[in-house]
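sequence plus the predicted model coming up.
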Amino acid sequence: MSPDPNISDRMQAKKEVRRIKNLPTVPGIVAKISRMVENPDTSVADVGRLISQDQVLSAKVLRMANSAFFGMSRKISSISQALIILGFEVVKGLVLTSSVFDMIQKSMAGLWEHSIGCAAASGVIAAHLGRDDAEEVLVAGLLHDLGKVVLALNLPEEMKLVQDKVAEEDLYFYEAENKVLDFDHAEIGQWLAEHWNLPESLAEPMRFHHKPEKAVLKPEWTAIVHIADILVRAKGFGNGGDDMVPDISMAAWDILGLRKVDFLPILEKLEPKLSSLNDLTALN
C-alpha cells in the first residue's frame, strides 16, 4: 500500500520550514543591545548612542514609543529617555519589531495592523489587571504572529494553499495551516524565538496564543495575548489571515481571573487607542 501523498507533502513542507536557510536572523543591533545590557558596566547613554546611530530605526522606535501604545503623559524625545521611562527590555523589543516588521507588508496584507492592534489590546488588558509589566506584555502581543511572516516569505506556494483552504472551508487560519502543513504559524514562531534566543516571556505567547492553557512559564502573558488577539479580530482592526472570531478560552478567563463585567472598561480604553494607531500603519 503506497503512502498517502498528502501526508508525504506535509512532512516535506515541515522539513523545509525546519531547515529554512534564510530564517530571519535577529537584527545585528538587537544582538549588540543584548550583549550590552548583560554587561553591568553598560549605561543607558551607551545603549542610547548605539540605537541612535541608525537614524531610520531611531525614528521608528521613537514614533512607536510616543504612539497610543503607551499613552505617555509627556513626549519621549530621545532614545535614552525612552530607555529610562520604558526600560531596556521594552526598547529592545521595539527595536526588534521595528526591524522585523519591515517584512510584513510583503507577506500578508493587514497583518501589521492586526499585530499593532493586538499589542495595544495586550497593554490595555495588562493595565486593567493592574500589572506593572504592561509594556513588556505589549511587546509579546506585537510579536505573536511572526510565524505567519516566516511562512509567507519562505513557503509562498504553501501559504497560497492555506489561504485558499481558509476561503473554501471557512476555517481559522491555524486550522487551515494544520490541514495543509500539519503544523501552524505558532509552532514556526517558537522555532523563530529559539533561533533568536528570545526570552520565554515572548516565546510562550508566540507558541500558545491559540492554546493559553498549555503555557507553563508565562501563562498570564499568554492568556492576555490570546484575549487581545480575539478582541482585535472582533473589532475588525487589521487582518490575521481569516475573518473569524473565536471564543475566548475558558482557561484564559481562569488564568487572569477576569469576569464578563471587566470587558466593558477594557473595550472603552481600547477604542481610542485603536483609532489613534492608524498613523503607525505608515511605518512600513
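Structure received. Residues are numbered from 1 along each chain as shown.

got the phi and psi for the nearest residue to Asp170 once chain neighbours are set aside?
Closest residue to Asp170 in three dimensions, ignoring its sequence neighbours and counting by Cβ to Cβ, 6 or more residues apart in numbering: Met244, at 7.5 Å. (Glycine included, C-beta is placed from N, CA and C.) Reported as degrees, to the nearest 10, the phi and psi values for Met244 are phi -100, psi 150.

I'd like to know how many residues surround Met244.
Counted with other Cβ atoms under 10 Å, residues neighbouring Met244 total 13.

one more: the one 5 residues further on?
When neighbours are counted by other Cβ under 10 Å, Ser249 registers 18.

quick one: it and Pro212 touch, right?
Yes - using Cβ atoms under 8 Å, Ser249 is in contact with Pro212, at 5.4 Å.

shared neighbours of those two, anything?
Counting by Cβ atoms under 8 Å, 6 or more residues apart in numbering, the shared contacts of Ser249 and Pro212 are Ala223, His226.

and the contacts of the helix or strand hosting Trp253?
When secondary structure is defined by DSSP states H and E, Trp253 falls within helix 250-256. With contact meaning Cβ under 8 Å, 6+ apart, helix 250-256 is reached by Ile125, Leu129, Pro212, Glu213, Pro219, Glu220, Ala223, Ile224, His226, Ile227, Leu258, Arg259.

neighbour-wise, which of those residues leads?
Among these, the one with the most neighbours (other Cβ under 10 Å) is Ile224, at 33 neighbours.

quick check: closest non-adjacent residue to Asp54.
Spatial nearest neighbour of Asp54, excluding adjacent residues (Cβ to Cβ, 6+ apart): Ile29 at 6.5 Å.

now that neighbour: how far from Val91?
In this structure, Ile29 and Val91 are 11 Å apart, going by Cβ to Cβ, to the nearest Å.

of these two, who's got more company?
Between Ile29 and Val91, counting by other Cβ under 10 Å, Val91 is the more crowded of the two (27 against 18).

where exactly do the helices run in the stretch 51-200 of the chain?
Assignment of helices within the stretch 51-200 of the chain using DSSP state H, counting those that start in this stretch yields the ranges 55-65, 79-86, 88-100, 104-107, 111-128, 134-143, 146-154, 156-169, 173-181, 185-196, 200-208.

of these, which is nearest Leu270?
Proximity to Leu270, assessed across the helices of the stretch 51-200 of the chain by Cβ to Cβ, is greatest for helix 111-128 (4.9 Å).

which positions in the helix holding Trp253 come out as buried?
Using 16 or more other Cβ atoms under 10 Å as the test for burial, helix 250-256 gives Ala251, Ala252, Trp253, Ile255, Leu256.

looking at the helices of the stretch 51-200 of the chain, which has the lowest confidence?
Across the helices of the stretch 51-200 of the chain, the stretch with the lowest average pLDDT is helix 104-107; it has a mean of 58.

re earlier: now, among the buried residues of helix 250-256, which is nearest to Ser78?
The nearest member of the buried residues of helix 250-256 to Ser78, counting by Cβ to Cβ, is Leu256 at 35.1 Å.

contacting residues around stretch 118-133?
The set of residues external to stretch 118-133 that reach it, using Cβ under 8 Å, 6+ apart, is 68-70, 134-135, 137-142, 144-145, 220, 224-225, 227-229, 231-232, 256, 258, 262, 265-266, 269-270, 273-274, 277.

buried sites along it?
118-129, 131.

likewise stretch 237-248?
Phe237, Gly238, Asn239, Gly240, Gly241, Asp242, Ile248.

which ones among those residues map onto helices?
Among the buried residues of stretch 237-248, no member is found in helices (DSSP state H).

what's the farthest-apart pair in those residues?
Farthest pair in those (Cβ to Cβ) is Asn239 and Ile248. Separation: 19.6 Å.

who are the contact partners of Gly87?
Shown here is Gly87, whose contacts under the criterion Cβ under 8 Å, 6+ apart are Glu135, Glu136.

make it 7 Å
Glu135 (Cβ atoms under 7 Å, 6 or more residues apart in numbering).
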